[in-house]
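# Need the 3D shape of this:
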Amino acid sequence: MSDQRTVIEKIALLLGLPKTDIEIIVALEKKNHLLISEIAHEINRTPRHVRQRVLFLAKKGFLSKEIEVLQNKRIAYRYSLIPLDKMKTRARADILSKLKEIETLVDSIKKYQE
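Below you'll find the model as predicted:
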């Protein structure tokens, strides 16, 4: 297992990502620029489930996507991992956002207790 893959897996675990998300990330680390159907095949999950998780990971900013026109003239997206440095920055932002949300909740409870 590569050092980069180990780091990526640890980041995903620290962020509390589900097992499927980690499998998707590992699959994309092994073979970059994959279609949903290819990712589903790699991790032995349904394309529908993979699509849901890939869209979540893309929304969080851990994946990038490129448009591709397939042979049958349909449009598809190929997904890739963002560079490790950007992943670190996004993970930091995600953790800080969660921390801020916790602080806001605690502060709102303090107001009612005073």
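
# switch to C-alpha atoms for all contacts and neighbour counts from now on
Noted.

# shaky segments in the protein?
Applying pLDDT under 70 to the chain picks out residues 1-2, 114.

# got the contact list for the residue nearest the centre of it?
Centroid-nearest residue in the chain, with CA atoms, centre = their mean: Leu57, separated by 2.9 Å. Each residue near Leu57 by CA atoms under 8 Å, 6 or more residues apart in numbering is listed here: 21, 63.

# Tell me the spacing between it and Leu28.
Here the criterion is CA to CA, to the nearest Å. By it, Leu57 lies 12 Å from Leu28.

# Number of residues surrounding Ala12?
By other CA atoms under 10 Å, the residues close to Ala12 number 21.

# Hmm, Ala12 is touching Ile24, no?
No. Applying CA atoms under 8 Å as the test, Ala12 and Ile24 come out as separate, 10.6 Å apart.

# what residues do these two have in common as contacts?
If you check Ala12 and Ile24 against CA under 8 Å, 6+ apart, no residue is contacted by both.

# all strands for the protein, in order.
63-69, 75-81 (DSSP state E).

# Switch those over to CSV; also include distance to Leu96 and mean neighbour count.
What follows is the strands of the chain, written out as CSV (distance: least, CA to CA, whole Å; neighbours: other CA atoms under 10 Å):
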stretch, distance to Leu96, mean neighbour count
strand 63-69, 20, 14
strand 75-81, 21, 18
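
# among these, which is nearest Ser108?
Of all these, strand 63-69 sits nearest to Ser108, with 34.5 Å by CA to CA.

# Contacts for the closest one next, please.
Contact with strand 63-69 is made by 54, 57-58, 75-82, as judged by CA under 8 Å, 6+ apart.
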